[in-house]
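A.B. asks: how would this look folded up:
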Amino acid sequence: MKAIRVKTLGGPEVLTLEDIPDPKPGPGEAVVKLEAAGLNYIDVYYRTGLYKAQLPITLGVEGGGVVTEVGPNVAEVKAGDRVAYSGVLGSYAQFAAVPAARLVKLPEGLDGKAGAAAMLQGMTAHYLSHATYPLKPGDWCLVHAAAGGVGLLLCQMAKMRGARVIGTVSTEAKAKLAREAGADEVILYTTQDFEAEVKRITGGAGVPVVYDSVGKTTFDKSLNCLAPRGVMALYGQSSGPVPPLDPAILNQKGSLFLTRPSLVHHTATREELLQRSGEVLGWIKAGKLKLRIDLTLPLAQAADAHRQLEGRQTTGKVLLIP
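C.D. replies: Here you go, the predicted structure:
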């Protein structure tokens with residue numbers, strides 16, 4: 001089968017399309033014929049070595065497709081089931097062997113592309129808005145990269161919970177997308193100081209929560225946007241890692257809470273995985289949550305997809321098609 005492999009760490013140029021053996025399911029595993037692989041910033045972290053993995057690796061942690069074969073001791077799925085998953089390396093390929101306990105059956109009417117677009121970013125938006133800081137009616141929240149894959153879904157979920165959304169974006173075109181997803185206020189961080197704008201919008205009170213996937217370039221000002229006892233949810237670092245922080249800063253700025261959550265810890269049990277994914281996929285099927293698949297590219301163009309993602313040229317979801 002064809003797969004995108006990383007043998008040495010580096011830029012997008014290290015992604016190579018290779019022939020490797022088709023996977024066979026081990027005990028507790030199922031083989032999925034992938035209809036689509038989701039592109040996520042975590043793929044960049046693995047490619048550059050920020051996240052560690054034993055090389056060589058097949059990139060990609062999110063996919064959707066059809067089960068072709070199951071190994072011993074598998075009760076969760078059977079051959080022919082249309083499924084999706086996240087959190088397992090190896091989706092930039094035509095087939096993947098996946099622990100069956102990580103597979104979710106897709107509702108009738110949703111294909112593998114929808115599954116690959118929804119799982120990681122949809123469940124991330126879900127845990128942020130429902131668990132990390134459970135938004136309440138009337139709450140203000142600040143969503144960085146509001147036109148990104150998580151951002152657009154997070155704006156929608158925040159509105160579903162009755163919250164008010166301030167989104168940051170880089171262009172007018174992205175601002176339009178954020179507003180369509182429910183953002184009440186949109187700040188163009190390229191021309192406006194987002195800290196000053198948040199203070200203006202909230203009458204100086206600040207917001208109870210900041211959802212920040214950008215990291216290095218936004219972190220300090222994000223802390224300044226928080227109301228006393230506010231929550232800083234740093235769930236990514238697309239601009240680079242945040243430097244070490246003296247915890248006393250959190251006290252000085254208002255007894256703030258800082259968390260660095262990940263999806264892995266919010267879908268650690270099968271029960272929680274099914275509950276979280278079930279709500280997200282159910283909302284998509286019912287039309288309550290809109291997926292924006294911005295770009296689909298052939299698997300062979302994975303390097304170009306990475307360049308566009310890192311160049312902030314993408315909105316919504318990018319899919320690679322085997």
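
A.B. asks: Does the closest residue to Pro228 other than its chain neighbours belong to a helix, a strand or coil?
C.D. replies: Among residues not flanking Pro228 along the chain, Gly254 sits closest, at 3.5 Å (C-beta to C-beta, 6 or more residues apart in numbering). Where you see a C-beta, it was placed from the backbone N, CA and C, and this is true even at glycine. Classification of Gly254 using DSSP: H, G, I helix; E, B strand; the rest coil returns coil.

A.B. asks: contacting residues around Ala205?
C.D. replies: Ala227 (C-beta atoms under 8 Å, 6 or more residues apart in numbering).

A.B. asks: Over to Asp19?
C.D. replies: Met1, Lys2, Ala3.

A.B. asks: quick one: pLDDT of the second one?
C.D. replies: Listed pLDDT for Lys2 reads 98.

A.B. asks: Neighbours of the closest residue to it other than its chain neighbours, how many?
C.D. replies: Counting by C-beta to C-beta, 6+ apart, the nearest residue to Lys2 once its immediate chain neighbours are dropped is Gln94, at 5.4 Å. By other C-beta atoms under 10 Å, the residues close to Gln94 number 17.

A.B. asks: picking up where we left off before, now do the residue nearest to Pro228 against Val242, distance only.
C.D. replies: Going from Gly254 to Val242 by C-beta to C-beta, to the nearest Å gives 19 Å.

A.B. asks: Which of the residues in stretch 260-279 are classified as buried?
C.D. replies: Neighbour-count burial for stretch 260-279 flags Leu263, His266, Thr267, Leu273, Arg276, Ser277, Glu279 (criterion: 16 or more other C-beta atoms under 10 Å).

A.B. asks: Report the central residue of this structure.
C.D. replies: Gln121 (3.1 Å; C-alpha atoms, centre = their mean).

A.B. asks: Give the phi and psi angles for it, as a check.
C.D. replies: For Gln121, the backbone dihedrals are phi -70, psi -40 (criterion: degrees, to the nearest 10).

A.B. asks: if we can go back for a sec, Gly254 and Val242: who's more crowded?
C.D. replies: Between Gly254 and Val242, counted using other C-beta under 10 Å, Val242 has the larger neighbour count: 19 against 14.

A.B. asks: so which helix or strand takes in that one?
C.D. replies: Under the criterion DSSP states H and E, no helix or strand holds Val242.

A.B. asks: looking at it, it is touching Thr217, isn't it?
C.D. replies: No: taking C-beta atoms under 8 Å as the definition, Val242 is not a contact partner of Thr217, at 9.6 Å.

A.B. asks: Give me the contacts around the helix or strand hosting Gly64.
C.D. replies: Using DSSP H and E, Gly64 maps to strand 62-70. With contact meaning C-beta under 8 Å, 6+ apart, strand 62-70 is reached by 24-25, 29-38, 40, 77-87, 91, 95-96, 98, 100, 103, 106, 111-117, 119-120.

A.B. asks: need the strands for the stretch 201-322 of the chain, in chain order.
C.D. replies: With DSSP state E, counting those that start in this stretch as the criterion, the stretch 201-322 of the chain has strands at 207-212, 226-234, 257-259, 293-298, 317-321.

A.B. asks: what is the orientation angle of the first one with strand 226-234?
C.D. replies: Between strand 207-212 and strand 226-234, the angle comes out at 20 degrees (axes from the mean of the first three to the mean of the last three C-alpha atoms, to 10 degrees).
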